[in-house]
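Enquirer: sequence first, predicted model second:
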Amino acid sequence: YPHELITYGGNGAVFQNWAQYRLVMKYLSEMTDEQTLVLYSGHPLGLFPSNKDAPRVVVTNGMMIPNHSTKEDWNRYTALGVTSYGQMTAGSFMYIGPQGIVHGTTITLLNAGRLNGLGKDDLKGHTYLTSGLGGMSGAQALAAVITGAVGIIAEVDEDAVRQRLDDGYISREHVFTDLPALAERIEHYRAAQQGVALVYQGNVVDLWEYLVAHNIHIDLGSDQTSLHNIDDLGYCPQGYTFQEAKELMARDKSRFMEEVRATLRRHVDAINTLTERGMYFWDYGNAFLKEAGEAGADIWKDREQGTYQYPSYVEHIMGPMCFDYGFGPFRWVCCSGQKEDLDTTDAIAAEILEKLLADGIPEIQSQLRDNLHWIRHADTNIPIVGSKSRILYADARGRILIAKAFNTAIAEGLLQGPVVLGRDHHD
């Protein structure tokens, strides 16, 4: 919702209002290299004296006092305009378009496949069932194709489906409102071992329950509904269109929440059944486990201990297979704004990764291969949105070598401007 200054994750805001935006643009255009701009939740506190070696901008977002930080507290304070949810990428000004979540989802899927013996470097012939085509979840469609999986994605919001069609993330012939027709295509692409994103335009629980009833095997499952935003239609109750759910929420919030919780209980029942049949399911950091547990769903392993039946993607997949080896998100933005600079940095990063791969350290070979494949094909797989930027996962050695190579390229005139290095919340 860029007109509302929401650029990430459904409610990740750069600024709270357009007045803040205009003030910040004014400060940025006038400040010297001996001043620092300080912002809190999008609000510019002003320009402060500093020095040329100090940060030009200091940003913080969403600060809350722990004893007064319930969801109700936060909703109240954000409505009052004194806090906002910057997520990581929005609030820090380092918006790199969809590629960060596309890359993260791609890496997650590949490692989930390895963890479950589904493939070494791709997911051909295997299925991944999930939901969401929104600001973050829309990345799942591209990630499924990149990994070679048969991605099956439910989306109840027609506008989100339309947006991803316009973006080229999905194809019109792969959007279904008829579940039997969708099931036929699942088996077709599974047999062909062809990567594809198949979309069910409807409620995700209807999809889960159909697959259970018709004994259709699913290899990998997750969920990317915006359950972190459950109070504001981040999750649509079963039996309602998106518009009907919106009207119910406005008319009778208590009834709306009752319907949401009932849907979550059915959602988990279907997941449990497919898991018993061999599917591997994980929580994707969207508060699915938390909200399902609070809704009374059969999601607990030990409620008294606060443990769930299913792991988070960090706990089982990205932690032991990436983060434990020091691999995390390494981002850069070419300040020149030139596509040629982005191409040059891609080539530099690929060359470094090739050298590291040749070193043959066994534990990190798969991660280096994934990121080398990513950087070689990023230009064709990922649309450029906003800044000329890139992301890959690298360990400390890789980051240092790539950064030094960028510095050399700048000094030798191979790059037309500086390169800003960054990270995200997975670091």
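Expert: Received the coordinates, thanks.
Enquirer: which residue lies nearest the spatial centre of this protein?
Expert: Ile101 (3.6 Å; CA atoms, centre = their mean).
Enquirer: next SSE after the helix of greatest length in the chain?
Expert: Longest helix of the chain, by residue count under DSSP state H: helix 253-276. Counting by DSSP states H and E, the next helix or strand C-terminal to helix 253-276 is strand 280-281.
Enquirer: which is the next helix or strand following that next one?
Expert: According to DSSP H and E, the helix or strand after strand 280-281 is helix 288-294.
Enquirer: list the buried ones in that next one?
Expert: Across helix 288-294, burial judged by 16 or more other CB atoms under 10 Å covers 288-293. All C-beta spots, glycine's among them, are computed from the backbone N, C-alpha and C.
Enquirer: now, which of those sits nearest Gly86?
Expert: Lys290 (21.0 Å; CB to CB).
Enquirer: name the helix or strand for Gln20, please.
Expert: helix 18-30.
Enquirer: helices or strands next to the helix-or-strand element of the chain with minimal mean pLDDT in the packing?
Expert: Across the helices and strands of the chain, mean pLDDT, DSSP states H and E gives its lowest value to strand 6-8, namely a mean of 75. Taking 3 or more CB pairs under 8 Å, 6 or more residues apart in numbering; DSSP states H and E as contact, the helices and strands that strand 6-8 lies on are strand 12-13.
Enquirer: who does the strand it packs on pair up with?
Expert: strand 6-8 (antiparallel) (DSSP bridges).
Enquirer: which residue ranges of the stretch 101-250 of the chain form helices?
Expert: Using DSSP state H, counting those that start in this stretch, the helices of the stretch 101-250 of the chain run over 139-147, 158-167, 179-192, 204-213, 242-251.
Enquirer: distance check, the residue in the chain sticking out farthest from the centre against Glu30.
Expert: Most distant from the centre of the chain: Pro49, at 37.0 Å, with distances by CA atoms, centre = their mean. Going from Pro49 to Glu30 by CB to CB, to the nearest Å gives 14 Å.
Enquirer: what is the end-to-end distance of stretch 219-233?
Expert: Start-to-end span of stretch 219-233 (CA to CA, to the nearest Å) is 29 Å.
Enquirer: quick one: average confidence on that stretch?
Expert: Averaged across stretch 219-233, the pLDDT comes to 92.
Enquirer: off-centre distance for it?
Expert: Distance, stretch centre to chain centre, for stretch 219-233: 12 Å (CA atoms, centre = their mean, to the nearest Å).
Enquirer: now do stretch 364-382
Expert: On CA atoms, centre = their mean, the centre of stretch 364-382 falls 17 Å from the chain's centre.
Enquirer: residues making contact with that stretch?
Expert: 97-99, 102-103, 106-107, 110-111, 114, 120-121, 142, 146, 321-322, 325, 327, 343, 346, 349-350, 353-354, 356-357, 390, 392-395 (CB atoms under 8 Å, 6 or more residues apart in numbering).
Enquirer: need the buried ones from those residues selected in ChimeraX.
Expert: Remark: buried members of those, expressed as a ChimeraX selection using 16+ other CB under 10 Å:
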select :97,98,99,102,103,106,107,110,111,114,142,146,321,322,327,346,349,350,353,356,357,390,392,393,394,395
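Enquirer: pLDDT below threshold where in the chain?
Expert: For the chain, the stretches flagged by pLDDT under 70 are 9-10, 88-90, 135-136, 425-427.
Enquirer: at 80 what do you get?
Expert: 1-2, 7-12, 71, 86-95, 97-98, 135-138, 360, 383-386, 423-427 (pLDDT under 80).
Enquirer: backbone dihedrals for the residue farthest from the centre of the chain, both of them.
Expert: phi -60, psi 140 (degrees, to the nearest 10).
Enquirer: beta-bridge partners for it, please?
Expert: Gln35.
Enquirer: circling back to that earlier point, if you compare the helices of the stretch 101-250 of the chain, which one is most tucked away?
Expert: Ranked by mean neighbour count under mean count of other CB atoms under 10 Å, those are led by helix 139-147, which reaches a mean of 26.
Enquirer: quick one: contacts of that one?
Expert: 98, 101-102, 104-106, 108-110, 113, 122-123, 128, 130, 132-133, 150-151, 153, 164, 169-170, 195-197, 199, 224, 377, 381-382.
Enquirer: then stretch 76-88?
Expert: Here stretch 76-88 has contacts from 8-9, 11-17, 41-42, 59, 61-64, 74, 91-92, 424-425, using CB under 8 Å, 6+ apart.
Enquirer: of those, buried ones?
Expert: 8-9, 11-16, 41-42, 59, 61-62, 74, 91-92, 424.
Enquirer: Phe330 should be in a strand, yeah?
Expert: Yes - judged by DSSP: H, G, I helix; E, B strand; the rest coil, Phe330 forms part of a strand.
Enquirer: for it, what are its contacts?
Expert: 391-394, 398-399, 402, 421, 423.
Enquirer: and the closest residue to it other than its chain neighbours, how far from Thr78?
Expert: What sits nearest to Phe330 in space, not counting adjacent residues and going by CB to CB, 6 or more residues apart in numbering, is Ala394, at 4.4 Å. The gap separating Ala394 from Thr78 is 35 Å, by CB to CB.
Enquirer: and if you look at Pro98?
Expert: For Pro98, the distance to Thr78 - CB to CB - is 25 Å.
Enquirer: was I right about Glu209 contacting Arg266?
Expert: Yes - counting by CB atoms under 8 Å, Arg266 is a contact partner of Glu209 at 7.0 Å.
Enquirer: Glu34 is in contact with the residue farthest from the centre of the chain, correct?
Expert: Yes - in this structure, Pro49 is within contact of Glu34 by CB under 8 Å, at 6.8 Å.
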